[in-house]
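Q: Sharing a model prediction with you, sequence too.
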Amino acid sequence: MEIRVEEKEDKSFPLFHLPPEIRDQIYDKILPLAINFIYEPPWIFKGYTDIKENMKKYSCAVRYKMVNQIMNHHYPGHDQIGPHFKQELYANYQRNWYHAIDVLKDYRSAPPDNTWNRDFDPAKITPELLDIVSSSRFIIAGFGHNTANTIKKLDSRVKNNIQHIFITHTMIASAFPGNKGKWEPSRPSHLIRPEYQDSEWEDDDYGESRVSEFESLLSTHLPNLKKVAISIRHHWNDLDALRTMLRWFDTGKIETLELVYPGRPRASNSDPEVRFKYLNHTYKKQPTIEDAYEILYDFAYQGFGKRDPAKKWRVEELSSSEVEARGRFSMKWEYPTGFTGELNIVEGTVFRLVRGEILPTLDGPEDAKLDLEPLRERTEDEMAFFEAAEMMHGLEI
């Protein structure tokens, strides 16, 4: 009898047979550095001594923060990789880490004692620094006028390499300095002539023929944006920023759009609404995907409950580990209080719009409707807000 032995074909990827340079590029993709450049208003710094009314003359101050993903085990599959792979992955990460620290050790202008007015120094911009800029997230946590000053004055090499920004509530909320009316679309220049009447001034569901001051600022000075995260504000006056970024996403101006809800601490840890603990602070139950659809359908798209069927995307929630891996943003101050005793998580629950599968519309056939109303009970504050919004639709509230 003839016995045949069939050898199994080894289909595993020969990673360790590749040159070290190629392996390092693979490791860079698997475990990239997470660096955030954070812009904050001069008002929060102890060294700022000018009166608050003069703050609009100044720019924001920049600082950076790196997240050690190895130490915190935020990257996926950290507990499922072999020792050889882990050793090389970690070694590559540590090299990148210390290289970034070396590049960033002296990138800002102004002396150290003037921390409230420091930014990128044009004389210290290098190709290595620009590589870091292009792969990092820029968090706008300054007031509107300070942020506008910063962006206008920022070196063009840095501006051209910024691809990812997070617009926090400090540049959106109309109650914050320098923001009022800055996201509100203005009358287009070709309709300012007297022969045009208001009745002839029409635009689409987004107000696409109109551009706000802040939209013009970002579009002009940050031409290579690919990804925008934006804080969600439920006040009627603060939704123009979301509408703007939704239009940018739908028209392909940006590749990725994220909706960021804040995390709010609760007084009682026994509250059934509590969802997670973070840095010894307990935070209440976070918004759901249905909340994200609700604000997009009911408020971002004008027409209330109607959406363009040609826009194909769905909403997905980011995992907590993904948000932690890039550096969940928080701050210890709030306007106009100043520094507070509690941690204010600005980046709580995050949702991302994903292109692809089209979703049912709220005004479609009965069996295709996405009924959001019974999914959760609204709080008393939410009820008051939505009732006021319905009564005053089309008016400024």
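A: Arrived safely. Numbering: from 1, shown residues only.
Q: What residues sit buried inside the helix or strand containing A325?
A: Using DSSP states H and E, A325 falls within helix 320-326. Neighbour-count burial for helix 320-326, counted by 16 or more other C-beta atoms under 10 Å, picks out S320, V323, E324, A325, R326. Yep, even glycine has a C-beta here, placed from its N, CA and C like the rest.
Q: Repeat that for stretch 325-332.
A: Under 16+ other C-beta under 10 Å, the buried positions of stretch 325-332 are A325, R326, G327, R328, F329, S330, M331.
Q: residue contacts, the last one?
A: By C-beta atoms under 8 Å, 6 or more residues apart in numbering, the residues touching M331 are E40, A141, N344, V346.
Q: Pull out the buried members of these.
A: Buried members of the contacts of M331, scored by 16+ other C-beta under 10 Å, are E40, A141, N344, V346.
Q: buried ones in stretch 86-100?
A: By 16+ other C-beta under 10 Å, the buried positions in stretch 86-100 come out as E88, L89, N92, Y93, N96, W97, A100.
Q: who touches that stretch?
A: The contact list for stretch 86-100 (C-beta under 8 Å, 6+ apart) reads 23-24, 27-28, 30-31, 33, 35, 66, 68-70, 81, 128, 132.
Q: thinking again about what came up before, name the nearest of the buried ones among the contacts of M331 relative to I230.
A: Nearest to I230 among these: V346, at 11.6 Å, using C-beta to C-beta.
Q: Which residue is the nearest non-sequential neighbour of M66?
A: I35 (5.2 Å; C-beta to C-beta, 6 or more residues apart in numbering).
Q: From L154, how far out is that neighbour?
A: Note on I35: its distance to L154, by C-beta to C-beta, to the nearest Å, is 17 Å.
Q: what does L353 give?
A: 28 Å.
Q: and if you look at E215?
A: According to C-beta to C-beta, E215 stands 18 Å off from L154.
Q: which SSE is G178 in?
A: G178 belongs to no helix or strand, assigned by DSSP H and E.
Q: Wait, it touches T150, no?
A: No: using C-beta atoms under 8 Å, G178 is not in contact with T150; the gap is 11.4 Å.
Q: Show me where the stretch 201-350 of the chain dips below the pLDDT cut-off.
A: The model of the stretch 201-350 of the chain has pLDDT under 70 over residues 201-209, 264-285, 299-311, 341.
Q: just checking, which of the contacts of stretch 86-100 belong to helices?
A: R23, D24, Y27, D28, I30, Q69, I70, E128, I132 (DSSP state H).
Q: need those in JSON lines with distance to V158 and pLDDT, can you?
A: Putting the ones in helices among the contacts of stretch 86-100 into JSON lines (distance: C-beta to C-beta, whole Å; pLDDT from 0 to 100) gives the following:
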{"residue": "R23", "distance to V158": "31", "pLDDT": "76"}
{"residue": "D24", "distance to V158": "26", "pLDDT": "71"}
{"residue": "Y27", "distance to V158": "27", "pLDDT": "70"}
{"residue": "D28", "distance to V158": "22", "pLDDT": "70"}
{"residue": "I30", "distance to V158": "27", "pLDDT": "71"}
{"residue": "Q69", "distance to V158": "25", "pLDDT": "73"}
{"residue": "I70", "distance to V158": "28", "pLDDT": "71"}
{"residue": "E128", "distance to V158": "13", "pLDDT": "95"}
{"residue": "I132", "distance to V158": "10", "pLDDT": "95"}
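Q: Strands of the stretch 1-150 of the chain, residue ranges please.
A: Here the stretch 1-150 of the chain has its strands, by DSSP state E, counting those that start in this stretch, at 34-40, 61-67, 137-140.
Q: in the second one, what counts as buried?
A: Spelled out, it's strand 61-67. Buried-residue list, strand 61-67, by 16+ other C-beta under 10 Å: A61, V62, Y64, V67.
Q: Would you mind measuring from the second one to P19?
A: For V62, the distance to P19 equals 37 Å [C-beta to C-beta].
Q: looking at it, E316 is touching R355, isn't it?
A: No: contact criterion C-beta under 8 Å: E316 and R355 do not qualify, at 11.2 Å.
Q: check contacts around the closest residue to K52 other than its chain neighbours.
A: Closest residue to K52 apart from its sequence neighbours, by C-beta to C-beta, 6+ apart: W43 at 6.5 Å. Counting by C-beta under 8 Å, 6+ apart, W43 makes contact with K52, M55, F143, Y335.
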